[in-house]
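*Asks:* generate coordinates for the sequence data below:
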Amino acid sequence: MSKYFEYPHTVGFEETNIVGNVYYVNYLRWQGRCREMFLKQRAPDVLSDLQGDLKLFTLKVDCEFFAEITAFDDLSVRMRLVELAQTQIEFGFDYVRLDPGGGETLVARGRQRVACMRGPNNRTVPARVPDALARALQPYAQGEAR
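*Replies:* Below is the predicted model of the structure:
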């Protein structure tokens with residue numbers, strides 16, 4: 001099994017700015033989409049928990065850019081587990097352009113920190129990372145998870 005969860009994506013015109021480069025906010029959107037697809041494919045039990053009182057709050061997000069990408073570039077957004085704490089998770093993301101000849105180019109790298117919370121919207125409290133989510137993330141640990 002690979003050490004990352006992969007979300008494939010083809011860049012569309014609507015994701016580019018006036019000069020034809022991908023607008024930065026899309027990298028953050030792709031992090032969220034990758035995380036959603038991970039939950040759907042690898043931790044479906046957590047989805048029903050999210051329909052209950054579990055909430056995943058994004059605390060911090062960042063992205064560092066190394067190369068430009070444009071419309072119709074094929075990407076692989078690769079998510080790894082950086083840290084698994086009692087109530088929080090940190091993900092790492094590599095954005096890799098898949099070149100037509102089979103090569104790959106790292107175009108950006110990002111991180112996202114998420115807190116697990118439970119309760120009604122006006123009174124949420126920190127909660128432990130659900131066991132099903134922790135188990136699903138373990139194969140994607142990039143370092144020592146705690």
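*Asks:* make it CA atoms for all contacts and neighbour counts henceforth
*Replies:* Will do.
*Asks:* and the next element down the chain from the top helix by length along the chain?
*Replies:* In the chain, with assignment by DSSP state H, the single longest helix is helix 25-42. Under the assignment DSSP states H and E, the closest C-terminal helix or strand after helix 25-42 is helix 44-51.
*Asks:* just to check, F38 is in contact with Y4?
*Replies:* No: assessed by CA atoms under 8 Å, F38 is found out of contact with Y4, at 10.3 Å.
*Asks:* low-confidence stretches in this protein?
*Replies:* 1-2, 143-146 (pLDDT under 70).
*Asks:* ok, and what's touching the biggest strand by length in it?
*Replies:* Selection of the longest strand in the chain by residue count, based on DSSP state E, yields strand 104-118. Residues from elsewhere that reach strand 104-118 (CA atoms under 8 Å, 6 or more residues apart in numbering): 31, 53-69, 87-99, 124-129.
*Asks:* the inter-axis angle of that strand versus helix 25-42?
*Replies:* Between strand 104-118 and helix 25-42, the angle comes out at 70 degrees (axes from the mean of the first three to the mean of the last three CA atoms, to 10 degrees).
*Asks:* thinking again about what came up before, buried set for the longest helix of the chain?
*Replies:* Within helix 25-42, the residues that qualify as buried by neighbour count (16 or more other CA atoms under 10 Å) are Y27, L28, W30, Q31, C34, R35, F38, L39, R42.
*Asks:* stretch 12-23 now?
*Replies:* Result for stretch 12-23 [16+ other CA under 10 Å]: buried residues E15, T16, V22, Y23.
*Asks:* and stretch 66-85, by the same measure?
*Replies:* Quick answer for stretch 66-85 (16+ other CA under 10 Å): 69-71, 74-84.
*Asks:* need the contact list for I69.
*Replies:* Counting by CA under 8 Å, 6+ apart, I69 touches N21, V22, R97, V107.
*Asks:* now distance to V114 and secondary structure too, for these, in a markdown table please.
*Replies:* Below are those laid out as a markdown table (distance: CA to CA, whole Å; DSSP: H, G, I helix; E, B strand; the rest coil):
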| residue | distance to V114 | secondary structure |
| --- | --- | --- |
| N21 | 28 | strand |
| V22 | 25 | strand |
| R97 | 26 | strand |
| V107 | 24 | strand |
